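[1] Just to be clear, the model below is a prediction. Sequence and coordinates:
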Amino acid sequence: EAQVTQNPRYLITVTGKKLTVTCSQNMNHEYMSWYRQDPGLGLRQIYYSMNVEVTDKGDVPEGYKVSRKEKRNFPLILESPSPNQTSLYFCASSLRQGLTEAFFGQGTRLTVV
Amino acid sequence: AQSVTQPDIHITVSEGASLELRCNYSYGATPYLFWYVQSPGQGLQLLLKYFSGDTLVQGIKGFEAEFKRSQSSFNLRKPSVHWSDAAEYFCAVGAPGNEKLTFGTGTRLTIIP
């Protein structure tokens, strides 16, 4: 089954404790991205990757890092989480952004206290 | 840069009634347009998309949308809603050659018996 898998689904952490949210897709898609969803703001792109070892900033990249060492994986790293990063995070992949459908993961609900 | 406006934050419709969700975009040329649906606790699922050609596009679950260049709109419609249509709906715009999908802030749909 074609899917995008995020882990964990729920995470509560403390300020400053590094964390990683994993994202994996099994569709051999080139393009992957991370979004955060906040009430009244919709989805905002954090980072995206057009292929292995090619990443770039989206609209709200501050406080986040990503890597793309393999085509299927695109982890999101918060080196020093802060409460303003409490949000719902989505990973998405597509054959090529802007032209083809984006497939979304189930989301990761992150709370930073 | 492209942008999307969904003017209705929340809409309530009776089951069996017709539905129209509004979406206005800003982009200098013909964009790629999408409607996604997010059911509670789920990721986003593509309902339909417009790239070119016929301005009336059909999607899944009985939804359709019409691209109107003169009004910069891409409104989503359904002739008769079902209780299972209760969800949040997002309009998104992608630009040819631009590796970015910009989302609106979403419209939450409530269905009453």
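    Arrived safely, thanks for sending.
[2] Centre-most residue in chain A?
    Closest residue to the average C-alpha location of chain A: A:W34 at 3.0 Å, with CA atoms, centre = their mean.
[3] in the host helix or strand of that one, what counts as buried?
    Using DSSP states H and E, A:W34 falls within strand A:31-38. Buried residues in strand A:31-38, counted by 16 or more other CB atoms under 10 Å in any protein chain shown: A:Y31, A:M32, A:S33, A:W34, A:Y35, A:R36, A:Q37. C-beta here means a position set from N, CA and C on the backbone, and glycine is covered the same way.
[4] excluding its backbone neighbours, what's nearest residue 40?
    Because you didn't say which chain, this covers chain A. B:T105 (6.1 Å; CB to CB, 6 or more residues apart in numbering or on different chains).
[5] Wait, chain B was what I had in mind.
    B:P40 sits nearest to B:A87 (CB to CB, 6+ apart), 7.2 Å away.
[6] My read is that B:V37 contacts B:Q45, right?
    Yes: counting by CB atoms under 8 Å, B:Q45 is a contact partner of B:V37 at 5.4 Å.
[7] wait, B:T105 sits on A:R44?
    No: counting by CB under 8 Å, B:T105 sits too far from A:R44 to count as a contact (10.1 Å).
[8] related to what we said a few turns ago, who has more neighbours, B:V37 and B:Q45?
    More crowded of B:V37 and B:Q45, by other CB atoms under 10 Å in any protein chain shown: B:V37, with 21 against 16.
[9] Contacts made by the one helix or strand that one maps to with the rest, please.
    In the assignment (DSSP H and E), B:V37 maps to strand B:32-38. Here strand B:32-38 makes contact (CB atoms under 8 Å, 6 or more residues apart in numbering or on different chains) with A:98-99, A:101, A:104, B:21, B:23, B:25, B:44-51, B:59, B:61, B:63, B:65, B:67, B:74, B:76, B:87-96, B:101, B:103, B:106.
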